[in-house]
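*Asks:* only geometry, no sequence info:
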Ligand code: ZN
Ligand code: FE
Ligand code: FE
Ligand code: ZN
């Protein structure tokens, strides 16, 4: 297995992850990774929820801790990233805030559809009575909007809307196609995330057919576990690697100072 980099790790600052940063780094060394990148949740701008993200006041300490970790583990590549929620109503305020910190990369995520945290287990009952096709349509429209916003280097867990296993009966191929045409035109990368393997849906984000459409459009991809505890660093990367190779990917990308570098698979 090639030495890989996990670009999507959280820290206890977000209120729903655990472990010390050192433990994530030690776990990466144990798992023979070439590097890790932290991408904790950026403070939400539309609401304050201590169970979802750190506060704005904590951001400088988060940045400092990641930079210190880099110094403490010279043999390990340590990236400074951040995972930012995309909501149309707050997107305009993000750029100035993000520019305050020396991030290596900025991950955009769609976790909210018209105010509803659709991937939050606390609000899963909201699915009942919803038209799933309309929901999926709205999700992939927002993902395309996020790609076009120009704020992000990559988008996380691209088909997160499948998390709880609720799928529309209709064919969703053209939703994927429309979204991925926009992603390709925007030139943004997408994440292959093993987090879905730990969720009710039990499969990698994105699905194989979705990833094939990415490959056809030459969309570059990153690799992430979305670890919320040290043991999840590099979670089931062997399966992600197999899927990537199966659909024809020979490399993934990583970022330093918002610039892309390829990593051979
Ligand atoms: Zn999280
Ligand atoms: Fe996320
Ligand atoms: Fe995450
Ligand atoms: Zn995430």
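*Replies:* Arrived safely, thanks for sending. The structure presented is a predicted model; accordingly, all values stated were derived computationally and were not measured. Residues are numbered from 1 along each chain as shown. Ligands and ions are numbered 1, 2, ... in the order given.

*Asks:* residue 107: which element?
*Replies:* strand 105-109 (DSSP states H and E).

*Asks:* give me the sheet partners of the very next helix or strand once past that strand and which way each runs.
*Replies:* For strand 105-109, the following helix or strand on the C-terminal side (DSSP H and E) is strand 112-113. With DSSP bridges as the test, strand 112-113 is paired with strand 116-117 (antiparallel).

*Asks:* need the contact list for residue 145.
*Replies:* Contacts for residue 145 (C-beta atoms under 8 Å, 6 or more residues apart in numbering) come out as 86, 88. Heads up, the C-betas are built off the backbone N, CA and C, glycines and all.

*Asks:* show me what counts as buried in the host helix or strand of it.
*Replies:* According to DSSP H and E, residue 145 maps onto helix 132-148. Under the neighbour-count criterion of 16 or more other C-beta atoms under 10 Å, helix 132-148 has 135-147 buried.

*Asks:* chain center to that helix: distance?
*Replies:* How far helix 132-148 lies from its chain's middle: 16 Å, per C-alpha atoms, centre = their mean, to the nearest Å.

*Asks:* could we number from 769 for the rest of this?
*Replies:* Shifting the count to begin at 769 puts that one at helix 900-916.

*Asks:* any idea of the angle that helix forms with strand 873-877?
*Replies:* Interaxial angle, helix 900-916 versus strand 873-877 (axes from the mean of the first three to the mean of the last three C-alpha atoms, to 10 degrees): 160 degrees.

*Asks:* just the strands in the stretch 769-918 of the chain please.
*Replies:* With strands called from DSSP state E, counting those that start in this stretch, the stretch 769-918 of the chain shows them at 773-777, 803-809, 845-853, 873-877, 880-881, 884-885.

*Asks:* save those strands as a markdown table, and put in distance to ligand 3 and mean neighbour count too.
*Replies:* Output for the strands of the stretch 769-918 of the chain, formatted as a markdown table (distance: least, C-beta to the ion, whole Å; neighbours: other C-beta atoms under 10 Å):
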| stretch | distance to ligand 3 | mean neighbour count |
| --- | --- | --- |
| strand 773-777 | 5 | 29 |
| strand 803-809 | 6 | 26 |
| strand 845-853 | 5 | 23 |
| strand 873-877 | 7 | 24 |
| strand 880-881 | 14 | 20 |
| strand 884-885 | 13 | 16 |
